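Participant: One predicted model, sequence on top.
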Amino acid sequence: MFGYYLDLALRSLKRNKMLTALMVLAIALGIGASMTTLTVLHVLSGDPLPGASATLFYPQLDPQDMDGYEPDREPPRQVTWIDGMNLLHARRADHQALMTGGAVPVQPAQSGLDPFYSDARYTSSDFFPMFQTPFLYGHGWSAADDEGKARVVVISRSLNDKLFGGKDSTGQTLRMKDTAFSIVGVLDEWRPNPHFYDVNMGNYASSEDVFLPLATARQLQLDRNGSMDCWGNGGGDESNLENAPCVWLQFWVQLDSPAKVADYKAFLANYSREQKALGRFQRPVNVRLSGLMEWLDINKVVPGDVRLQAWLALGFLLVCLVNTVGLMLAKFLRRAGELGVRRALGASRREVFAQLLVESGVVGLAGGVCGLLLAFGGLWLVRRQPSDYAALAHLDMTMLLATFLLAVGSTLLAGLLPAWRACQITPALQLKSQ
Amino acid sequence: MQIKPILVALRKHRLATALIALEIALACAVLCNACFLIAGRLANMHIVSGVDEPSLALVAVTGYDDAQGPDVNARVVAGLRGIAGVQSVDVVSTVPFGSQAGAVGITKDQAGQSFGGVIDVYVGGPGSVQALGLKLIAGAWPQAADYQPLDSWFPTEARTVVSKALAEHLWPGESPLGKEFWCDKFHFRVIGMVDHLPIAQPGSRGVASAEWAAFVPAMPGRFLNGTYLLRADPRELPRILRDAPAAVAKAAPDVVYDHAGSKTVSDFRRDYFERDRAMAGLLAGVIVALLLVTALGIVGLASFWVQQRRKQIGIRRAIGATRHDILRYFQTENFLIVSGGIVVGMAMAFALNLVLMKFYELPRLPLYYLPVGALALWVLGQLAVLAPARRAAAVPPVVATRSV
């Protein structure tokens, strides 16, 4: 029966090409616009570390003084050096890393290359196992290297390509800010999106080219990037940030089970109480422990513009669908005579209804295919935009499937009302007027 | 033209009528709000910078110790001045549309109780205000003695020039001259006012604060190094910027030329608003597609009605209606349906605006958008219905005598 309906649908669609084209065009435009914006939204609100993100958490403490205190306000979004070091050395989580962003002048040994600045990440050693970074050559450094302020560095694949022509550079020397560092590892392509571990660097920034131990960076007074919030008489003197009442470091922990999460939260509360007893903290205990995805929500990582565009496109799709409902109504009612004959020959209302829905499904499918082409074009346009997420806008399998589901589903929905209306036709009346 | 017969006829086609009206209503709501969003973006992009944009460029270098700053400055400034065509080279912290300037929360009293908002403070060396081309409207420029080496973010005692917008925000209705404000240990005393000076990244802290900026005089010390304002003939600026890396490399081989941070101020402005421009373009695209789809929908349904009523049209023509009457009939019908849609659409436009206000910090939709949007849809409806209506008018009276 489905085959017969399909045949009828194709015949009917062919009979009035103009109207069919209008319907397909309307669906295609609506689907194309919605899928373009939804894909961007989907890419931007994606999971930066699929598989690992569920066990990553971001603790927050409130070390500020009582100035401007309001109960239950969100604690600062970074930690001080003292708290960061205390939590790091407590080693209560499965993995923990303390980090900040920076920039280092790289002085290539190769003549012919001018010195240049590279984005850097100063972090403790657990960064690599915790975020499961892929290594092309070598490995990360050890906790002992952190303690010993070792001159070791991990570089990105692109920097390795630039400086060493892509060869295994582990064991070689890299000069940065007049200091020789030994390369211990080279990362493979790694660009978590969003740049979750430090959203100060631009939400969709690419990952850094140079990774080196935090303690080493502080000892060498390497340039620090990112935001810093101070209180009291914290002047933010860059050379003495270790003792300043300022938050400027990110601290991440990996907790493998819900029980550990609860334990860690209790540990944070305990730590805060202890610091208050010592007189370092003044405010009442106010600790948070957010999961990775929750942390991205808190930071409103997905740009407002992108959401706005998605809503706008959905509104546009709605207009297109209403339009399609109207056109289908015209199309189905025009065939009142034919439907009257079918009914008189014994087709039940249900069968006529099914026949008409198959027809709208065909329109939806055609609209979906054209919409997909439009979405490819739209995404190409998005990629040419200047934003830092532009390069990420690509259609994946999920969105490809979603396009067709949305197209066929919404067209079927649009077909319901006209099909129902067409089923109300009284066969006798139609036959008489023939 | 009698309206009553049209209304009676429409009652027979309630569903189709309601659909067109609904489509018009949705289009009206989206159209008004999208236009409003575009207008907002365009207003952002046309902010007056108050500086002589076409003649200015910024050159930035990095990669030296703070202690070497003044020495590097002297060499780089000399090197840049050596490029043919350069009229002046001055040290500044940044320029409008450039990288983030010193953004600070200020208070109107020393104790820090009366918060004055977050403002941008530009710091510049002698000659930089003249090079920028800022227009003084009250008070005086800083004197030579006001330019002291800078060893912190700001001078502890700064004689400051503020923008008119900042003056009106801090001291509404009063002359700002002689007024003071504080930021932690830094004390600012206002000695002058310029008509326009936006913050370095206008719009990043909301629309109202786009021009809350001040200028503070200083000389290079441990701070205020590595960023240089070049002034030259606009036609020569691109060449000068091309020559700048070589001149810097020659004068100070030990520093790193910051290519991303060295551009003409016009380029800074263009790049800064790139995203707004893209968004405005996208919105315009949506509006065009929306109007197109709506028009096609009207064409489709009107054509269907004309075909359905061929016989009735024939009868009307046979009993004396002119072609013009038939044309007018369909045009009036379309006008009535579109009007109905617009009434609903205005309410929807307002509701949509309320939602956007809640989530995107947009201002309220000005009322004049509604009649303009309505007019646009009326015109669109009339244009769309014209072809089907003419086809209807062309139906010959003889159709009435034939059975279908």
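Facilitator: The structure has been received and is ready for your questions.

Participant: rest of the way, CA atoms for contacts and neighbours
Facilitator: Noted.

Participant: The chain: helices as residue ranges?
Facilitator: No chain was given, so I picked chain A. Assigned by DSSP state H, chain A shows helices spanning A:2-15, A:17-44, A:81-90, A:127-130, A:143-147, A:157-164, A:214-219, A:258-278, A:292-298, A:304-334, A:336-344, A:349-383, A:397-423, A:427-433.

Participant: um, chain B though
Facilitator: Assigned by DSSP H, the helices in chain B fall at B:4-11, B:14-45, B:69-81, B:128-132, B:164-170, B:237-251, B:265-272, B:274-308, B:310-318, B:323-360, B:369-393.

Participant: Can I get the ones you listed in CSV including mean pLDDT, distance to residue A:390 and mean neighbour count?
Facilitator: CSV is the format used below for the helices of chain B (pLDDT from 0 to 100; distance: least, C-alpha to C-alpha, whole Å; neighbours: other C-alpha atoms under 10 Å in any protein chain shown):
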stretch, mean pLDDT, distance to residue A:390, mean neighbour count
helix B:4-11, 84, 49, 13
helix B:14-45, 89, 20, 21
helix B:69-81, 89, 36, 20
helix B:128-132, 90, 34, 20
helix B:164-170, 92, 35, 21
helix B:237-251, 90, 28, 18
helix B:265-272, 91, 15, 18
helix B:274-308, 86, 11, 20
helix B:310-318, 89, 54, 19
helix B:323-360, 91, 22, 19
helix B:369-393, 93, 32, 19
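
Participant: of those, which approaches residue B:98 most closely?
Facilitator: Shortest distance between residue B:98 and these, using C-alpha to C-alpha, is found for helix B:265-272: 5.9 Å.

Participant: okay, now the domains of chain A?
Facilitator: Per automatic domain parsing, the domain ranges recorded for chain A read A:2-45+A:303-433, A:53-298.

Participant: Comparing these, which stretch has the densest surroundings?
Facilitator: domain A:2-45+A:303-433 (a mean of 20; mean count of other C-alpha atoms under 10 Å in any protein chain shown).

Participant: Is any residue of it near chain B?
Facilitator: Yes: Domain A:2-45+A:303-433 reaches chain B (C-alpha under 8 Å from any C-alpha of the partner chain) through A:19, A:22, A:26, A:29, A:304-305, A:312-313, A:315-316, A:319-320, A:322-327, A:329-331, A:334, A:385-387.

Participant: cool, and stretch A:101-111?
Facilitator: Yes: residues of stretch A:101-111 contacting chain B under C-alpha under 8 Å from any C-alpha: residue A:105.

Participant: Report the distance from that stretch to the chain centre.
Facilitator: Between the centre of stretch A:101-111 and the centre of its chain there are 30 Å (C-alpha atoms, centre = their mean, to the nearest Å).

Participant: where does chain B come near chain A, residue by residue?
Facilitator: So far as C-alpha under 8 Å from any C-alpha goes, chain B lies against chain A at B:16, B:19-20, B:22-23, B:26-27, B:30, B:63, B:256, B:274-275, B:278-279, B:286, B:289-290, B:293-294, B:296-297, B:300-301, B:304, B:308, B:360, B:404.

Participant: got a list of what residue A:376 touches?
Facilitator: Going by C-alpha atoms under 8 Å, 6 or more residues apart in numbering or on different chains, residue A:376 touches A:36, A:395.

Participant: Model confidence for it, exactly?
Facilitator: On the pLDDT scale, residue A:376 is placed at 90.

Participant: That one and chain B: what is the separation?
Facilitator: Using C-alpha to the nearest C-alpha, to the nearest Å, residue A:376 is found at 15 Å from chain B.

Participant: Now the stretch 201-350 of chain A against chain B: closest residue?
Facilitator: Of all residues in the stretch 201-350 of chain A, residue A:323 sits closest to chain B, at 5.3 Å by C-alpha to the nearest C-alpha.

Participant: measure that residue to residue B:302 for me?
Facilitator: Using C-alpha to C-alpha, to the nearest Å, residue A:323 is found at 12 Å from residue B:302.

Participant: repeat for residue B:223
Facilitator: Going from residue B:223 to residue B:302 by C-alpha to C-alpha gives 72 Å.

Participant: do residue A:416 as well
Facilitator: According to C-alpha to C-alpha, residue A:416 and residue B:302 sit 21 Å apart.

Participant: now swap in residue A:87 and tell me
Facilitator: Using C-alpha to C-alpha, one obtains 72 Å as the distance from residue A:87 to residue B:302.

Participant: Next: residue A:200.
Facilitator: Applying C-alpha to C-alpha to residue A:200 and residue B:302 gives a distance of 56 Å.

Participant: just residue B:251 next, same as before
Facilitator: Separation of residue B:251 from residue B:302 (C-alpha to C-alpha): 75 Å.

Participant: before we move on, what about residue A:267?
Facilitator: 71 Å.

Participant: same thing with residue A:306?
Facilitator: For residue A:306 relative to residue B:302 (C-alpha to C-alpha), the value is 37 Å.

Participant: Residue B:8 too?
Facilitator: Per C-alpha to C-alpha, residue B:8 is found 17 Å from residue B:302.

Participant: Kindly report the same for residue B:181.
Facilitator: Residue B:181 sits 68 Å away from residue B:302, going by C-alpha to C-alpha.

Participant: Ok, residue A:198 next?
Facilitator: Taking C-alpha to C-alpha, one finds residue A:198 at 57 Å from residue B:302.
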